[in-house]
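Q: Return atomic coordinates for the entry below.
(chains A, B, C and D)
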Number of protein chains: 2
Amino acid sequence: MAQHHSTPQSLVDKIQRTMSLNEEDRLAVAALPWRTQRLQRGATIVSRGDRPTNCFLVHSGFVIASKHIANGVEAVSGLFVPGDMPDLFGLYLDVMDTDMRAATDCTIALVDHGAVKRVCSQYPKLNAAFWQQTLLASAILREWVITVGHRSAHARLAHLFCEVMVRMTEVGLSSDFRCPFPFTQVAISEISGMSIVHVNRSLQELRGAGLISFDGKELEIRNWDGLKLVADFQDDYLHLSR
Amino acid sequence: MAQHHSTPQSLVDKIQRTMSLNEEDRLAVAALPWRTQRLQRGATIVSRGDRPTNCFLVHSGFVIASKHIANGVEAVSGLFVPGDMPDLFGLYLDVMDTDMRAATDCTIALVDHGAVKRVCSQYPKLNAAFWQQTLLASAILREWVITVGHRSAHARLAHLFCEVMVRMTEVGLSSDFRCPFPFTQVAISEISGMSIVHVNRSLQELRGAGLISFDGKELEIRNWDGLKLVADFQDDYLHLSR
DNA sequence: CGTCGTATTGAAATCCTTCAATACGAGTGG
DNA sequence: CCACTCGTATTGAAGGATTTCAATACGACG
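A: Numbers count the residues shown, from 1 in each chain, chains lettered A, B, ... in the order given. Sure, this is the predicted structure:
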């Protein structure tokens, strides 16, 4: 697997949306021993039960966190976009409680836990920044618990689309309410926890209402306010700066 | 409201289940400016939109995190037991994205964010410990996303009971598979996101199968393995030591 | 041209909610 | 002590949302 060094610019940018890093901090992040790696769709990144010594940053593509439950069903608990560090929580949790896999072809950058801990202890700003990244992830989880538990299926889809659009926008990967979203309907059904049939119908509903367009590659939100309304989407949980 | 100083023993204990603190660390935690406070059931602790300067530790009672969604419904995203710091995530998230309220009469201990940050920067072990507490909370959220999204209603209840029992046991509040659980069925319906009627019926089912007994005050698990089975409960996400 | 993954549609089945009514128990005021 | 009320628990039954089953269509690719 190809490996080379890489600048974690997306991470630095993401951190700087909520915290100001000085030159020294930025350099320290860049100086971390990142190892870039290309992954094919479906590749396992970490497995439940692992005792990780690394964590990773998503450079491109989408990553999914899931567990296999009772009947062997894969239940998804999170979707990650470039700039995210999906398993950063492993830094202080000895054993992984979920699987992570590449939901699309991906490029990721691995870093050693020890190195991360070292910069954290040396640069208080970075300690705060990495900690904050884990907290931002937990804010999304809180919202997912509510969405999955209390919103109707088509609101769930709408909510997912709103969230993805905002998160992609945050890292500069959208324009004009369009962003990559290279998922089949069966993939969307896994992510959203809905049946394939119902995904299909809800999608038609959202399309029919002129709220979105989606071709399996790219998502376009054609009526942001309308979609937000059906999704009951309030973006405060994403803690956008300002 | 009565306020006095208090030893955060439950927190220290909880931390020590996964990390070894030395005498100095323990003293530093105890020396934090904790302010104990008594709360009546239903009391608001923090509100969505707040810019907190404190966080709190639950001493006794149960705390609930929730948001008010579309139709004014209160959607619960978390349940907290003694020893938990439910809003610790506010340490590095400027504005609260959820409400927190006392689900029962409670006693909590408030600490100033500044003081927490200070001990964290001074005691690396405590920095790790507090960070880890937020990560343990996020592990529970991941499991909740899955439970709410993929498990049947009666499995959801069973799962909740398993989780509560383990978490109460962790902090020494259970014995013989019995622990306080002073909730009405309507409260359980809010926590679990199920309708009241269905909570009632699922409860009867679990009782009828001899798995639990529950009288609105105390929960008893009469058949742990059986309950685990219907709940599809695997405790790894709680990261119990050993 | 055949095949396989994907998208779409119809229809039945299931789970869960909602509506509605009754029962039960504790607390309150007469 | 009784009558009343209110919150809680329970039950029946209808309605709705979503899943599951089954079939068909579509499109890319070898």
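
Q: where do the helices sit along chain A?
A: Ranges of helices in chain A, per DSSP state H, are A:9-16, A:23-30, A:113-122, A:124-150, A:153-170, A:185-192, A:196-208, A:224-231.

Q: hmm, stretch A:97-111 touching DNA strand C?
A: No. Against DNA strand C, stretch A:97-111 shows no contacts by C-beta under 7 Å from any atom of the strand, the least distance being 11.4 Å. Where you see a C-beta, it was placed from the backbone N, CA and C, and this is true even at glycine.

Q: Now render the helices of chain A as a markdown table, adding mean pLDDT.
A: Shown next, in a markdown table, are those (pLDDT from 0 to 100):
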| stretch | mean pLDDT |
| --- | --- |
| helix A:9-16 | 88 |
| helix A:23-30 | 94 |
| helix A:113-122 | 97 |
| helix A:124-150 | 97 |
| helix A:153-170 | 97 |
| helix A:185-192 | 97 |
| helix A:196-208 | 96 |
| helix A:224-231 | 97 |
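
Q: what about the ones you listed, which gets the closest to chain B?
A: helix A:124-150 (3.8 Å; C-beta to the nearest C-beta).

Q: Now look at that closest one and say if it contacts DNA strand C.
A: No. Residues of helix A:124-150 are not located near DNA strand C by C-beta under 7 Å from any atom of the strand, the shortest gap being 8.7 Å.

Q: any idea of the angle that helix forms with helix B:113-122?
A: 120 degrees (axes from the mean of the first three to the mean of the last three C-alpha atoms, to 10 degrees).

Q: How about helix A:124-150 and DNA strand D, touching?
A: No. Under the criterion of C-beta under 7 Å from any atom of the strand, DNA strand D is not reached by helix A:124-150; the shortest gap measures 10.0 Å.

Q: For the helices of chain A, give me CSV that also has mean neighbour count.
A: Putting these into CSV (neighbours: other C-beta atoms under 10 Å in any protein chain shown) gives the following:
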stretch, mean neighbour count
helix A:9-16, 19
helix A:23-30, 16
helix A:113-122, 16
helix A:124-150, 22
helix A:153-170, 21
helix A:185-192, 19
helix A:196-208, 16
helix A:224-231, 17
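
Q: What are the neighbouring residues in contact with A:Thr169?
A: Going by C-beta atoms under 8 Å, 6 or more residues apart in numbering or on different chains, A:Thr169 touches A:Cys179.

Q: and the residue lying closest to A:Ser47 once chain neighbours are set aside, what are its bridge partners?
A: Leaving aside its sequence neighbours, A:Ser47 sits nearest to A:Asp99 (C-beta to C-beta, 6 or more residues apart in numbering or on different chains; 5.3 Å). On the basis of DSSP bridges, A:Asp99 is bridged to A:Ser66.

Q: measure A:Asp99 to B:Arg156 for me?
A: Distance of A:Asp99 to B:Arg156, given as C-beta to C-beta, to the nearest Å: 22 Å.

Q: ok so, going back, so the residue nearest to A:Ser47 sits against A:Lys67, correct?
A: Yes. A:Asp99 is in contact with A:Lys67 according to C-beta atoms under 8 Å; the separation is 6.6 Å.

Q: if we can go back for a sec, number of residues surrounding the residue nearest to A:Ser47?
A: A:Asp99: 20 surrounding residues under other C-beta atoms under 10 Å in any protein chain shown.

Q: Report the separation between it and A:Glu74.
A: Relative to A:Glu74, and taking C-beta to C-beta, A:Asp99 is found at 8 Å.

Q: what's the residue in chain A positioned nearest to DNA strand D in contact with, if anything?
A: As assessed by C-beta to the nearest atom of the strand, DNA strand D sits closest to A:His198 within chain A, at 3.1 Å. Residues counted as contacts of A:His198 (C-beta under 8 Å, 6+ apart) are A:153, A:189.

Q: do that again at 10 Å, thanks
A: With contact taken as C-beta atoms under 10 Å, 6 or more residues apart in numbering or on different chains, A:His198 is in contact with A:153-154, A:156-157, A:185, A:189, A:192.

Q: one step back: tell me the residues that contact both of A:Asp99 and A:Lys67, please.
A: A:48, A:74, A:76-77.

Q: now, among the contacts of A:His198, which is nearest to DNA strand C?
A: Closest to DNA strand C, out of all of the contacts of A:His198 and judged by C-beta to the nearest atom of the strand, is A:Gln185, at 3.2 Å.

Q: Show the contacting residues for the closest one.
A: By C-beta under 10 Å, 6+ apart, the contact set of A:Gln185 is A:194, A:196-200, A:202-203, A:214, A:216.

Q: re the thing from before, turn the contacts of A:His198 into CSV, columns for distance to A:Met168.
A: Shown next, in CSV, are the contacts of A:His198 (distance: C-beta to C-beta, whole Å):
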residue, distance to A:Met168
A:Ala153, 23
A:His154, 21
A:Arg156, 18
A:Leu157, 16
A:Gln185, 20
A:Ser189, 21
A:Ser192, 17
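
Q: Which ones, among those residues, also lie beside DNA strand D?
A: A:153-154.

Q: and which of the contacts of A:His198 is nearest A:Val116?
A: A:Ser192 (31.8 Å; C-beta to C-beta).

Q: which residues sit in contact with the residue at minimal distance from the centre of chain A?
A: Centroid-nearest residue in chain A: A:Phe80, 1.6 Å away (criterion: C-alpha atoms, centre = their mean). Going by C-beta under 10 Å, 6+ apart, A:Phe80 touches A:56-58, A:61-65, A:86-87, A:100, A:103, A:106, A:108, A:137, A:140, A:167.
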